[in-house]
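Student: Sequence and predicted structure, then a few things I'm wondering about:
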Amino acid sequence: MARCHWVGFHNPRIASHRGERTMASGGEDVLSAMGRLKVLVVGDIILDGYIWGMVERVSPEAPVQVLEWRSESSGLGGAANVAHNVRCMGCHTYLAGVIGNDQKGKELTSLLREADIDASGVLEDPDKPTINKIRMIAQQQQILRIDREQRTPLRPALERQLERFLKKTVPKVDGVICSDYGKGTLTAGLLTTLSTITREHSKPVIADPKGSDHLKYKGIDILTPNVQELELMDGGLIASEESLRKAARRLIRSAGLKALVVTRGKDGMSVFQRRGHGFHIPAQAREVFDVSGAGDTAIAFLAMGLFAQMDLKAAANIANKAAGIVVGKVGALPASPAELLQELNESPSHTSQKIVRLPELKRTLSQARSQQRRIVFTNGCFDLLHIGHIRYLQLAKRLGDVLVVGLNSDSSVRKIKGPERPVIHEEERAHIVAALSDVDYVIIFPETTPRRLIAELAPDILVKGGDYTPETVVGRDIVERYGGKVEIVPYVGSVSTTEIMQRIAERFN
């Protein structure tokens, strides 16, 4: 194996025949390299809950705000959120940790399955509840958080089970991420075992630490504390750049680290190395809605960058950009490949932000409902977009506030239209539809009908074109069951994709 150097210090655990990647590499190249990785995430697994509503008055019973409930949703938190960020980049992602044998655990397992995360290392503890953080949100602001948890250390029997999983899995992966929320999973013993295994197999390991016991992280390559966590581990107040630098140097020496990446919120990210000079990366200037999950995103992208042979500065830059993306969202949501590509290429693309995956879209629509906005859904192939499509979508948008377009994938179009269709690839079709000002979100689905998608999104209004009758609309029964409506929008104009293709064939044959 060729030796690989991370800006300023050597780490023999990562090697590449192609050498380091830097930010000079194209965004597509970077994402492609990340997508080929296999990554293990181990740590405290959390189920995030969200209660969305409106606050318009103060209770007459006590000086507290009254949250008028609108909707609820759940998401992956803690180590599961780190794994979700990694999986969204296309990596094969293993998750190891502990959940309870309860309803919240079943809900979390379902979310992991939906995100296509390998949960074979997720164990059940019948004596502890699944960790659950519930955030109450009004007008896009958190007003209260409720934590349901027990912080007792991992039971010895479960620790041995996790150790066996680590011994089996570490040799398969390109690197390991430890997500420590101080809930008891990452004991000193488990971290020592992990360090030994990763060293034996020359695998890099990066940890987001918690608590004052920095010595339990000995053998870890890189830690990613925030300033408060660094203060706790160092035992002193950090009030200046000099005190930050000294605390970082002390921790690097005492824990035997290769590097320390200190996340600093609005002040960006400071990187210190055992060998070579440190550097600082300013925060990305953008509106901040919610910092939930920003640390998870930062360590996920720092790790993926390094595992994909990027130098430390380039990987830290990517981590900083990705964290900047997620603080612009409400709730702990991962950065999407399209969003990151836009940041890396520095070419703003409003359409990329409209093309979403199901978990993010469900969370976004829950937020929209809390603001009493009506969700409109329609679907189609939209191959060779023409004036009829545009006018149809304009009319659909007028029926509500948020228009979601379900776009048939290439494979489903072939089943519906035949082997010669579609003419335009699904990603290109998605960008073309998303470029229309009346379209708010586009989601690609693989089935021939949108029935499953309609059930997941629960739109207020389901729209189809004039060649349908209400009785023939797929999903009508689902929507009307919960009080939604089906609307038939007449087609404007007589042009069709088939006619356009026939004209082209006649003209150029």
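Tutor: Looks like it came in fine. Residues are numbered from 1 along each chain as shown.
Student: all strands of the stretch 1-150 of the chain, in order?
Tutor: Applying DSSP state E, counting those that start in this stretch to the stretch 1-150 of the chain gives strands spanning 5-6, 9-10, 38-43, 45-58, 65-78, 92-100, 118-125, 131-138, 141-148.
Student: pLDDT on the first one, on average?
Tutor: This means strand 5-6. What strand 5-6 shows for mean pLDDT is 28.
Student: now the third one
Tutor: Per-region confidence: strand 38-43 scores 97 on mean pLDDT.
Student: so how far is it off the chain centroid?
Tutor: With Cα atoms, centre = their mean, to the nearest Å as the basis, strand 38-43 stands 15 Å off its chain's centre.
Student: residue ranges with poor pLDDT in the protein?
Tutor: Scanning the chain for pLDDT under 70 picks out the ranges 1-27, 284-293, 328-332, 343, 345-352, 370-371, 466, 491-509.
Student: and it, what are its domains?
Tutor: The record's domain parsing of the chain by automatic domain parsing lists 22-47+77-132+150-344, 373-508.
Student: Deepest-packed of those, please.
Tutor: Among those, judged by mean count of other Cβ atoms under 10 Å, the one packed with the most neighbours on average is domain 22-47+77-132+150-344 (a mean of 20). The C-beta positions use only the backbone N, C-alpha and C, and glycine is treated the same way.
Student: Spatially central residue in the protein, please.
Tutor: P334 (1.9 Å; Cα atoms, centre = their mean).
Student: distance of that residue from F377?
Tutor: Distance check for P334 against F377: by Cβ to Cβ, to the nearest Å, it reads 23 Å.
Student: same deal with I131?
Tutor: 34 Å.
Student: got it, and R250?
Tutor: For R250 relative to F377 (Cβ to Cβ), the value is 56 Å.
Student: between the domains of the chain, which gets nearest to A138?
Tutor: domain 22-47+77-132+150-344 (10.8 Å; Cβ to Cβ).
Student: what separates that closest one from the chain centre, distance-wise?
Tutor: Going by Cα atoms, centre = their mean, where domain 22-47+77-132+150-344 is centred and where its chain is centred differ by 13 Å.
Student: before we move on, back to that, redo the domains of the chain as a markdown table? Include distance to Q65.
Tutor: Output for the domains of the chain, formatted as a markdown table (distance: least, Cβ to Cβ, whole Å):
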| stretch | distance to Q65 |
| --- | --- |
| domain 22-47+77-132+150-344 | 18 |
| domain 373-508 | 21 |
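Student: so which of those gets nearest L358?
Tutor: The nearest among the domains of the chain, by Cβ to Cβ, is domain 373-508 at 6.3 Å.
Student: what's the spacing between the closest one and its chain's center?
Tutor: So, by Cα atoms, centre = their mean, the centroid of domain 373-508 is 26 Å from its chain's centroid.
Student: heads up, I number from 190, so please use that
Tutor: In the new numbering, first residue 190, that becomes domain 562-697.
Student: Tell me where the stretch 290-439 of the chain has helices.
Tutor: 292-303, 345-358, 377-389, 416-423, 430-444 (DSSP state H, counting those that start in this stretch).
Student: wait, which of the domains of the chain is closest to E549?
Tutor: Using Cβ to Cβ, the nearest of the domains of the chain to E549 is domain 211-236+266-321+339-533, at 5.4 Å.
Student: which residues does the closest residue to V359 other than its chain neighbours contact?
Tutor: Closest residue to V359 apart from its sequence neighbours, by Cβ to Cβ, 6 or more residues apart in numbering: I386 at 4.8 Å. By Cβ atoms under 8 Å, 6 or more residues apart in numbering, the residues touching I386 are 355-356, 359, 392.
Student: 6 Å instead, please
Tutor: Neighbouring residues of I386 by Cβ atoms under 6 Å, 6 or more residues apart in numbering: 355-356, 359.
Student: and S260, how many neighbours does it have?
Tutor: 15 (other Cβ atoms under 10 Å).
Student: Just grab the bridge partners of it for me.
Tutor: W241 (DSSP bridges).
Student: so it touches S555, yeah?
Tutor: Yes - the pair S260 and S555 passes the contact test of Cβ atoms under 6 Å, sitting 4.6 Å apart.
Student: what sits in contact with each of the two?
Tutor: Shared contacts of S260 and S555, counting by Cβ under 6 Å, 6+ apart, come down to W241.
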